[in-house]
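[1] quick one: sequence and predicted model below, then my questions.
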Protein chains: 2
Amino acid sequence: MKEYTDEYLNQIKEIILAKDEERANAELASLHPADIAELYRKLDVDEADYLFKLLDEEIAADVLMELDEDDRLKLISDMPAEEIAKQIDYLDTDDAVDLIQQLDEDDREEILSHIDDVEQAGDIIDLLKYDEDTAGGLMGTEMIVVNENWSMPECIKQMRLQAEDMDEIYYVYVVDNDYRLRGTLPLKMMLTHPSVSKIKHVMEDEPVSVKVDTPIDEVALDFEKYDLVAMPVVDSIGRLLGRITVDDVMDQVRELSERDYQLASGLSSDVDADDSVFAQTKARIPWLLIGIASGLLASIILGAFEAQLQVVTTLALFIPIIGGTGGNVGVQASAIVVQGLANGSLDIKNFASQLGKEILVGLLNASIITAVVLVYNLIMLPGNLAVTLSVAVSLFLVVMFATLLGTAVPLTLEKLKINPALATGPFIQISNDIVGLIIYVQISTFFLRMFTDIAI
Amino acid sequence: MKEYTDEYLNQIKEIILAKDEERANAELASLHPADIAELYRKLDVDEADYLFKLLDEEIAADVLMELDEDDRLKLISDMPAEEIAKQIDYLDTDDAVDLIQQLDEDDREEILSHIDDVEQAGDIIDLLKYDEDTAGGLMGTEMIVVNENWSMPECIKQMRLQAEDMDEIYYVYVVDNDYRLRGTLPLKMMLTHPSVSKIKHVMEDEPVSVKVDTPIDEVALDFEKYDLVAMPVVDSIGRLLGRITVDDVMDQVRELSERDYQLASGLSSDVDADDSVFAQTKARIPWLLIGIASGLLASIILGAFEAQLQVVTTLALFIPIIGGTGGNVGVQASAIVVQGLANGSLDIKNFASQLGKEILVGLLNASIITAVVLVYNLIMLPGNLAVTLSVAVSLFLVVMFATLLGTAVPLTLEKLKINPALATGPFIQISNDIVGLIIYVQISTFFLRMFTDIAI
């Protein structure tokens, strides 16, 4: 990975200030498009703009696709439609679709009308129809396709023609006369079987493929399971529509896991460490305010309990342990569910059996925790049986309840097609805090009535 | 993705029970090794063993590598060393190393001595020397390497020889006479430039490569940044040592993000939704007990405050909001740091500037939260200025403190080369709970002295 030192950045800034095109071009020529994109992020807008205009069109298109979505939008919003269309000409169709999807409906039409390559424009229009969160939304149409009945020399001739427009070849897809996917042709076969009469004799049949409407997270799991670098996408009757490449899938895996992590941490929008103070605050304040609202609700619940607290103040000492334990238990249970759904080790069809297993886990945890606290309080609060029993019984119920809620809520969200990660973190924490207090208030009231002569 | 219905599984179990080799073989032949591995997980050990013994050796080796580490160990622990050695013969060196690393020192030696292919055994011994968490620990030695001075026909001849032993070719690496990496040869060049005299004229120079001692998480970021399907690994003077493939990196990305998520959720060991009740409890109980210990500590802290609580019971109503807010703020701040370090948007060198930014974010959040609660309490607790001010001022301080702790702890851990995700979740939650209570107790005592004539 290229590391930009302050020294290097200052040197670049000087070159830009001096408008020294020759040296700027020399620097740019030594950088990978991904490194140029990173450099762009570290410069002021005007400086970055100066460098970007020096790039030749093909590199500029690559740099554009390496930028964050926000930076890319900033850059293309100043460009005339003709220029954007020219950049798109250099992009693979899947990247082109990602770029066009960022624009307004009107801009899209205009840009598409400026693309010279009618076939590419047509492919892009077709691809725009697919849902972004499915295999169709991720696929591109650049691939090498041969007919199963061709001979190897014929294939090689065709591949040579098709390869001209492509950056890199990883797989050759084999189709029948109806364009249904039949196999893949490992590139080594070109080397090891240069003269076979029909490639269907040397192709690998039963290729792993994915239906065009498969959700992205399943596509990612398939890539991981089958160790693929690209995967063909087919329609419902098996005709080849496009291919998905592993780099796009890696981005998805990273993005999905970051999103889950953010949701679980109470961050409400996509925020990075290098975002502004304002963006950071905006992402954090919603859940904090929900937490505050629930804290005030807790004060109301405890307010109804104030008479008891006044007489047996010791009860107040255990308010933190009740809420804290409920929160910890709930977060653990929900994390197991969210992660299981993400990596495929848990299936939504197993709702009931997962809940059953969690009841057992909850019972074990609740028993251990209750025993520890019971023994502690019997020793530390001798003669205060009402409080000791209130805390112990409440903790047992809180652990059981938090386990069930932590399991059931994300599973229910998944059933409703809402991201289950939303249920983890603050949501579980806050609900368990409130429910825990209600349990504690009720149980304490019960034991106070039983063991003391306090009139309540 | 292959979905195993109960119906299908029952059918397979019947075939196994009847020892119907013919049908079993037919079923196995239709399955991808990754699917066979998944089937294995859904069967009893004896059933799985029966199927495994039917597989031909090459497929069996692939299935072995698709299994979870635990299942794999179970399966090979019963195998004689000769048989394991035979399976290893079919594996790429990186997979072979992963397998051998699971075994005891003694078993390793014996198995290595049974490998027929001396070159492969030597490569494995060399690879075993590298740290598992570096590029060297992830690389294999299977790759196609050509000399920059060869002509294309000479290259193709050599590639044909080298390709025999390989499953798939994605890149051809070009080296100089000292075996220093000089470039890559895109496979399309074989098609488009079939007769070039020296391949250095058509190779892509300045290839992206990685030093052998680079940590795995940096390798993963490079793969994502440069959209690679394989990356060459070099020594300190640029000589080609091996290559890393994208499937291994994807597994790493998934594993690292799962590990962070688990740590942040208070799960102390690698646990999956389909693990046993005992494994689930074992992974959860440590942090729960730490939470209980801190809850009991909280009761001691509040115990010292019992006299004040007895006189002004209203103070007890705001115990939950103090701890809850500190926890929420701390988790958010630490999640930002952990994620920033993982995806490269935050650099440990920026410790001071990140802390400075967080102070501003903390001030904004603290002001908003304090204002909300202040207004609420002025309305709801008229005349109770001591409590109102105690809660407001404590909240402000708790938010500031939790922000700083949430930022500084993971950054410090990163400096100490400890996984920063350890600092998120329960740790931050629990510390902020305790510190929050101490702040609340101190501030309340101060305001009670100022506003009331209670002798404390």
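    Nice, thanks for sending it over.

[2] now stretch A:198-208 - C-alpha only, PDB.
    Below are the C-alpha coordinates for stretch A:198-208, written out as PDB (Å, rounded to 0.1, in the frame of the first residue of the first chain):
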ATOM      1  CA  LYS A 198     -15.400 -29.500 -29.600                       C
ATOM      2  CA  ILE A 199     -14.700 -27.600 -26.500                       C
ATOM      3  CA  LYS A 200     -17.600 -29.300 -24.700                       C
ATOM      4  CA  HIS A 201     -15.200 -32.200 -24.400                       C
ATOM      5  CA  VAL A 202     -12.700 -30.300 -22.300                       C
ATOM      6  CA  MET A 203     -14.900 -27.700 -20.600                       C
ATOM      7  CA  GLU A 204     -15.800 -28.000 -16.900                       C
ATOM      8  CA  ASP A 205     -19.500 -28.700 -16.800                       C
ATOM      9  CA  GLU A 206     -22.000 -27.900 -14.000                       C
ATOM     10  CA  PRO A 207     -20.500 -24.500 -13.500                       C
ATOM     11  CA  VAL A 208     -21.500 -22.600 -10.300                       C
END
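
[3] just to be sure, residue A:79 is in a helix?
    No - counting by DSSP: H, G, I helix; E, B strand; the rest coil, residue A:79 falls outside a helix, being coil.

[4] by mean pLDDT, flag the weakest helix or strand of chain A.
    Sorting the helices and strands of chain A by mean pLDDT, DSSP states H and E puts helix A:188-192 at the bottom, at a mean of 81.

[5] and the contacts of that one?
    For helix A:188-192, the external contacting residues (CB atoms under 8 Å, 6 or more residues apart in numbering or on different chains) are A:152, A:155-156, A:159, A:196, A:199, A:202-203, B:156, B:159-160, B:163-164, B:166, B:168-169, B:190. C-beta here means a position set from N, CA and C on the backbone, and glycine is covered the same way.

[6] same check, this time on stretch A:353-369
    Counting by CB under 8 Å, 6+ apart, A:325, A:329, A:333, A:337, A:340, A:346, A:395-396, A:399-400, A:402-404, A:406-408, A:411, B:273, B:277, B:280-281, B:284-285, B:288-289, B:292 sit against stretch A:353-369.

[7] can I get the buried part of these as one ChimeraX selection?
    Of the contacts of stretch A:353-369, the buried ones can be selected in ChimeraX as follows, counting by 16 or more other CB atoms under 10 Å in any protein chain shown:
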select /A:325,329,333,337,340,346,395,396,399,400,402,403,404,406,407,408,411 /B:273,277,280,281,284,285,288,292
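
[8] I'd like to know which of the contacts of stretch A:353-369 are part of helices.
    A:325, A:329, A:333, A:337, A:340, A:395-396, A:399-400, A:402-404, A:406-408, A:411, B:277, B:280-281, B:284-285, B:288-289, B:292 (DSSP state H).

[9] for residue A:39, grab the count of nearby residues.
    The tally of other residues near residue A:39 (other CB atoms under 10 Å in any protein chain shown) stands at 21.

[10] in which helix or strand would I find it?
    According to DSSP states H and E, residue A:39 maps onto helix A:33-42.

[11] how distant is that helix from the center of its chain?
    Here helix A:33-42 shows a centroid-to-chain-centroid distance of 23 Å under the convention CA atoms, centre = their mean, to the nearest Å.

[12] for it, which positions count as buried?
    Residues of helix A:33-42 classed as buried: A:33-40 (neighbour count, 16+ other CB under 10 Å).

[13] just those residues that are near chain B?
    Filtering those for proximity to chain B (criterion: CB under 8 Å from any CB of the partner chain) leaves A:34, A:38.

[14] turn the buried residues of helix A:33-42 into TSV, including pLDDT.
    Shown next, in TSV, are these (pLDDT from 0 to 100):
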residue	pLDDT
A:33	90
A:34	90
A:35	90
A:36	91
A:37	89
A:38	87
A:39	88
A:40	85
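
[15] any idea how far residue A:380 lies from residue A:150?
    84 Å (CB to CB, to the nearest Å).

[16] and chain B, is stretch A:164-180 touching that?
    Yes - using CB under 8 Å from any CB, stretch A:164-180 reaches chain B at A:164, A:166-170.

[17] and that stretch, how far apart are its ends?
    24 Å (CA to CA, to the nearest Å).

[18] enumerate the positions of that stretch that are buried.
    Those would be A:168-176, for stretch A:164-180 by 16+ other CB under 10 Å.

[19] and for that stretch, what's in contact with it?
    Applying CB under 8 Å, 6+ apart, the external contacts of stretch A:164-180 come out as A:92, A:142-149, A:155, A:159, A:163, A:181-185, A:187, A:199-200, A:203, A:207, A:229-230, A:232, A:234, A:237-240, A:243, A:245, B:170, B:186-188, B:192, B:229.

[20] in helices, which of those fall?
    Per DSSP H, the contacts of stretch A:164-180 map to helices at A:155, A:159, A:163, B:188, B:192.

[21] grab the nearest non-local neighbour of the first one.
    With CB to CB, 6 or more residues apart in numbering or on different chains as the measure, residue A:146 is the residue that lies nearest to residue A:155, at 4.6 Å, once sequence neighbours are left out.

[22] my read is that the one you found contacts residue A:156, right?
    No - at 9.2 Å, residue A:146 does not count as touching residue A:156 under the criterion of CB atoms under 8 Å.

[23] higher neighbour count, those two?
    residue A:146 (22 against 18).

[24] Provide a list of residues in contact with residue A:433.
    Applying CB under 8 Å, 6+ apart to residue A:433 gives the contacts A:294, A:298, A:323, A:326-327, B:320, B:324.

[25] would a markdown table of those residues with distance to residue A:310 be doable?
    Shown next, in a markdown table, are those (distance: CB to CB, whole Å):
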| residue | distance to residue A:310 |
| --- | --- |
| A:294 | 24 |
| A:298 | 18 |
| A:323 | 21 |
| A:326 | 25 |
| A:327 | 27 |
| B:320 | 18 |
| B:324 | 23 |
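
[26] got a winner among those for most neighbours?
    Neighbour tally across the contacts of residue A:433 (other CB under 10 Å): the maximum, 33 neighbours, falls on residue A:326.

[27] and that residue, how far from residue A:419?
    23 Å.

[28] try residue A:74
    Residue A:74 is 28 Å from residue A:419, by CB to CB.

[29] hmm, back to that, list the buried residues for the least confident helix or strand of chain A?
    A:188-191.

[30] reformat those as JSON lines; add distance to residue A:18.
    Shown next, in JSON lines, are the buried residues of helix A:188-192 (distance: CB to CB, whole Å):
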{"residue": "A:188", "distance to residue A:18": "51"}
{"residue": "A:189", "distance to residue A:18": "55"}
{"residue": "A:190", "distance to residue A:18": "51"}
{"residue": "A:191", "distance to residue A:18": "51"}
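
[31] interface residues of the stretch 351-456 of chain A facing chain B?
    Residues of the stretch 351-456 of chain A lying near chain B (CB under 8 Å from any CB): A:354, A:357, A:360-361, A:364-365, A:368-369, A:372-373, A:376, A:424-426, A:429-430, A:433, A:437.

[32] leaving out the residues flanking it, which one is nearest to the residue nearest the centre of chain A?
    Among the residues of chain A, the one closest to the centroid is residue A:256, at 0.9 Å (CA atoms, centre = their mean). Nearest residue to residue A:256, sequence neighbours excluded (CB to CB, 6+ apart): residue A:217, at 6.3 Å.
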